[in-house]
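Asks: build me a structure from this.
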Amino acid sequence: MAAPDFSSVPNSSGVSKPHVYDLLNRLNAAYARVHRNMEALEQVGIFDPLMMQFLSRQHEQVRAGANYHLLGAMRRIEDRDRERFSQPPNEEIPNP
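Replies: Residues are numbered from 1 along each chain as shown. As a prediction, this is how the structure comes out:
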């Protein structure tokens, strides 16, 4: 799958890399809240500990998988941009 064509400036859909990184940060903050709430529920002591451990592992697997795929896509975009911006300009800058 080709990486979307956007940089730090919004593209035609209005999406910018800073916005995407903000969304990824929010997603990971939500995963952290789920983790804290799962731990709090486990501390209540009324739920089956093995089931809580299973649910916690499932949650961590989803979190890790999401980050792996989403950040992998961003890595490809950053690699492309690094290469693009390291190239010398195609035009000469005119003298004033």
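Asks: got a pLDDT number for Pro89?
Replies: With respect to pLDDT, Pro89 has a value of 75.
Asks: does it sit in a helix, a strand or a coil?
Replies: Pro89 carries the three-state label coil when classified by DSSP: H, G, I helix; E, B strand; the rest coil.
Asks: now do it against Met38, distance only.
Replies: Using C-beta to C-beta, to the nearest Å, we find Pro89 at a distance of 52 Å from Met38. Bear in mind the C-beta positions are built from the backbone N, C-alpha and C, glycine included.
Asks: so for these two, which sits in the more crowded spot?
Replies: More crowded of Pro89 and Met38, by other C-beta atoms under 10 Å: Met38, with 18 against 6.
Asks: hmm, the more buried one is touching Gln53, no?
Replies: No: judged on C-beta atoms under 8 Å, Met38 makes no contact with Gln53 at a distance of 9.8 Å.
Asks: how about Gly14, secondary structure?
Replies: The three-state label given to Gly14 by three-state DSSP is coil.
Asks: what sits against it?
Replies: Residues in contact with Gly14 (C-beta atoms under 8 Å, 6 or more residues apart in numbering): none are found.
Asks: buried sites along whatever helix or strand Asn37 lives in?
Replies: Counting by DSSP states H and E, the element that carries Asn37 is helix 17-44. Using 16 or more other C-beta atoms under 10 Å as the test for burial, helix 17-44 gives Lys17, Val20, Tyr31, Val34, Met38, Glu42.
Asks: no further questions, thank you.
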